[in-house]
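Undergrad: Structure for the following, please:
(one chain, ligands or ions: 1)
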Amino acid sequence: MPELQLFLDGEPLAARPGQTVGAALTEAGVTSWRTTLRGGRPRGLFCGIGVCFDCLLMVDGVPNQRACLTPARDGMELETGTSTQTRPDKADTDDTAPGGVVSGSVAAMDGGAEV
Ligand code: FES
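TA: Numbers count the residues shown, from 1 in each chain. Sure thing, here's the model as predicted:
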């Protein structure tokens, strides 16, 4: 299957047709591409289905795109570290989700689990 050429912070990144940006990044060994606002903790794919908003990044100049839902396209320009959590019901917290519940990704990271 022919490869697509994406650019991650200006560096070439291969993807396959039908892959999402998140899948292409993960296949290339990139596991985080933004950090939380308050604690600077790394974020990348977590749920993989568009629910958690952990995987935000800039795509072709548009911020806050979910990598797990964005289909890879040839020539796509990806920029890390510039997107932030914007979902109104989920502030970009490091330790707790609304209601004081520890989020799954943070709990896993704090416990040293690889996610
Ligand atoms: S990984 Fe959860 S929304 Fe993309």
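
Undergrad: Pull up the residues of this structure that are close to the ligand.
TA: If contact is defined as CB under 6 Å from any ligand atom, the residues of the chain in contact with the ligand are 45-48, 50-55, 66, 68. All C-beta atoms are positioned from the backbone trio N, CA, C, and that covers glycine.

Undergrad: Would you map the helices across the chain?
TA: Remark: helices of the chain, listed N- to C-terminal, are 21-27, 104-110; assignment by DSSP state H.

Undergrad: tally of neighbours for Leu6?
TA: 23 (other CB atoms under 10 Å).

Undergrad: Of the helices of the chain, which shows the lowest average pLDDT?
TA: If you rank the helices of the chain by mean pLDDT, helix 104-110 sits at the bottom with a mean of 41.

Undergrad: Separate out the buried members of the residues of the chain next to the ligand.
TA: Those of the residues of the chain next to the ligand that meet the buried threshold are 45-46, 48, 52-55, 66, 68, by 16 or more other CB atoms under 10 Å.

Undergrad: Inside strands: which ones of those?
TA: For these, membership in strands holds for Arg66, with DSSP state E as the criterion.

Undergrad: Just put the buried ones among the residues of the chain next to the ligand in a markdown table and tack on distance to Thr35 and pLDDT.
TA: Converted to a markdown table, these look like this (distance: CB to CB, whole Å; pLDDT from 0 to 100):
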| residue | distance to Thr35 | pLDDT |
| --- | --- | --- |
| Leu45 | 15 | 96 |
| Phe46 | 14 | 96 |
| Gly48 | 19 | 96 |
| Cys52 | 15 | 94 |
| Phe53 | 14 | 93 |
| Asp54 | 11 | 93 |
| Cys55 | 13 | 95 |
| Arg66 | 17 | 97 |
| Cys68 | 18 | 98 |
